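J.: kindly generate the corresponding structure for this input.
(one chain, ligands or ions: 1)
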Amino acid sequence: MDAEPLNDVPPDATPPPGPGLDDVPRRRALGGAATLLGAVALGAAGAFSIGRPPASAASRPPESYPPTHWIPASSANYTVSGRPGAYPVEYLVIHVTEETFPDTVKIFKDPKSKVSAHYAVASADGYVAQFVRERDIAWHAGNWDYNTRSIGIEHEGWVDRPEYFTDALYRSSARLAAAVCARYGIPADREHIIGHVEVPGSTHTDPGPYWDWDRYLELVTGHLTPGG
Ligand SMILES: [Zn+2]
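T.: Now for the predicted structure:
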């Protein structure tokens, strides 16, 4: 074992003259990191200023489940209806956003997006926002027939990044799903709680292979069982 190299460079060694071959890229990398941190900080601020009104300031549509926060989607992104009279509500469609929560909020509020979901659940803490009243038809399934007969729940994350599917996200979503199932008499099973990928004609793969269906249905069922 040879410890000599540790002493090869004196502590006060001067850097080579000029920019140096690896000096500029290193500075660029540092600048990039600083920019990234700034973006993360902005994103977090956006989550609170745009996507997360304090509970006391949130108004709720009459049928929403108590712990949700009402952040209305652009009226250009859903169809006003009178469900469950106009259409039976028979399915829950489970989605993964492929976007951050703040970006999901921006997309649903943008009249040009032509997309929405009734709810979205945040990864880190299970925060639930509602964007479309349950009586109205959100545009989430890519299939008009299924849109008319379903409630869409988005989950913050990516299909190939299972770390986004946190305990808080599963628990919060399952509580919401149980309330929706109870409200419309939807059986809490895989025939009625389906992934976007299972909607006929779907071109989407969400929620993907890492979504733990067994765990999710167990949590939903737990809320629907007396004393559960
Ligand atoms: Zn989807």
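
J.: which residues of the protein lie near the ion?
T.: Neighbours of the ion within the chain, by Cβ under 5 Å from the ion: 95, 196, 204, 206. C-beta: built from backbone N, CA, C; applies to glycine.

J.: ranges for the helices of the chain?
T.: 23-46, 101-109, 144-148, 167-184, 213-224 (DSSP state H).

J.: helices and strands around the third one, which ones?
T.: Based on contacts counted as 3 or more Cβ pairs under 8 Å, 6 or more residues apart in numbering; DSSP states H and E, the elements that helix 144-148 packs against are strand 137-138.

J.: could you work out the most separated pair of the residues of the chain next to the ion?
T.: 95 and 204 (7.8 Å; Cβ to Cβ).

J.: lowest average pLDDT across the helices of the chain?
T.: Ranked on mean pLDDT, the bottom entry among the helices of the chain is helix 23-46, at a mean of 35.

J.: ok, back up a step: any residues in contact with both of residue 95 and residue 204?
T.: Shared contacts of residue 95 and residue 204, defined by Cβ atoms under 8 Å, 6 or more residues apart in numbering, comprise residue 196.

J.: ok, the two, which is more surrounded?
T.: residue 95 (25 against 17; other Cβ atoms under 10 Å).

J.: who does the more buried one bridge with?
T.: Using DSSP bridges, the beta-bridge partners of residue 95 come out as residue 154.

J.: what bridges to residue 69?
T.: Per DSSP bridges, the residues bridged to residue 69 are residue 129.

J.: tell me the confidence at it?
T.: Among the per-residue scores, residue 69 shows a pLDDT of 93.

J.: how about the most centrally placed residue in the chain, what does it touch?
T.: The chain has residue 156 as the residue nearest its centroid, 1.9 Å off, counting by Cα atoms, centre = their mean. With contact set as Cβ under 8 Å, 6+ apart, residue 156 has these partners: 97, 99, 100, 101, 104, 120, 121, 122, 123, 164, 169.

J.: residues near the third one, how many?
T.: Taking other Cβ under 10 Å as the neighbour definition, residue 100 ends up with a count of 20.

J.: same question for residue 160.
T.: 12.

J.: so it sits right up against residue 210, yeah?
T.: Yes - using Cβ atoms under 8 Å, residue 160 makes contact with residue 210 at a distance of 7.5 Å.

J.: narrow the residues of the chain next to the ion to those in strands?
T.: residue 95 (DSSP state E).

J.: kindly reformat the residues of the chain next to the ion as TSV containing pLDDT.
T.: Below are the residues of the chain next to the ion laid out as TSV (pLDDT from 0 to 100):
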residue	pLDDT
95	98
196	98
204	96
206	98
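
J.: in JSON lines: the residues of the chain next to the ion, plus distance to residue 178.
T.: Formatted as JSON lines, those follow (distance: Cβ to Cβ, whole Å):
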{"residue": "95", "distance to residue 178": "18"}
{"residue": "196", "distance to residue 178": "20"}
{"residue": "204", "distance to residue 178": "24"}
{"residue": "206", "distance to residue 178": "21"}
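
J.: neighbour-wise, which of the contacts of residue 156 leads?
T.: The most crowded member of these, judged by other Cβ under 10 Å, is residue 121 (29 neighbours).
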